[in-house]
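Enquirer: My questions concern the predicted model and sequence given below.
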Amino acid sequence: MNIVEWQLQPLARKSSVSGESFEPGERIVCFLIKSDAGELCRADLRQHELEGFTPEGAVLGRWTREVKEQEDEAKEAARQSIQSSEELFLSLFEEEQSPDHEEDVRALKHVLALMLERKRVVRRAGKVQDGVQPYLHVRSKKTYAVPDIELSAVELMHVHEQLGKVMV
């Protein structure tokens, strides 16, 4: 699978905390978590469940989604997947990261920027300087400093393996 084709899994149908089904129209909070075992996982829960939620690992990204009717979801799956990827990308610049996860976040920023550039959500805004590629977020007109890193085949396979658990 090509790295720029990865897409976030669709919203879960049930809460990761309570196991209860989501209802259409509900706003759901989504988390990308690196477990203590080093694997990426996703948790979806209701806003009011945040108080009792303790992620089992480091939160790398956080965004919100609205639950759609299943028929509507099927029609909007591609759009929502891009939107979820966009929200995850933006959240990586908002969340304060532990130095222990800096390399993982750098790789995620790089991979998501490449994917979103292909979908015309972001575009390059200048040349690489000091190992940073500026990207313009088209909708907000805000520029983000994305690490310009080269992933070895081993690193790429590791990122692919980890993201494969939370991305389609």
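Expert: Thanks, I have it.
Enquirer: shaky segments in this protein?
Expert: Where the chain drops to pLDDT under 70, the residues are 1-11, 70-80, 156-168.
Enquirer: Where do the strands of it begin and end?
Expert: For the chain, strands defined by DSSP state E occupy the ranges 27-35, 40-46, 57-66, 122-124, 132-137, 142-147.
Enquirer: Contacts for stretch 93-103, please.
Expert: 34, 58-62, 105, 109, 144 (C-beta atoms under 8 Å, 6 or more residues apart in numbering). Every C-beta, even on glycine, is put in place using the N, C-alpha and C of the backbone.
Enquirer: How about stretch 51-70?
Expert: 11, 17, 22-36, 40-41, 43-45, 76, 80, 83-84, 87-88, 90-92, 95, 97-98, 100-101, 104-105, 108.
Enquirer: Weed out the non-buried ones from these.
Expert: 11, 17, 22, 28-34, 40-41, 43-45, 80, 84, 87-88, 90-92, 95, 97, 104-105, 108 (16 or more other C-beta atoms under 10 Å).
Enquirer: quick revisit: which of the contacts of stretch 93-103 ranks first by neighbour count?
Expert: Neighbour counts for these, by other C-beta atoms under 10 Å, peak at residue 61, which reaches 27 neighbours.
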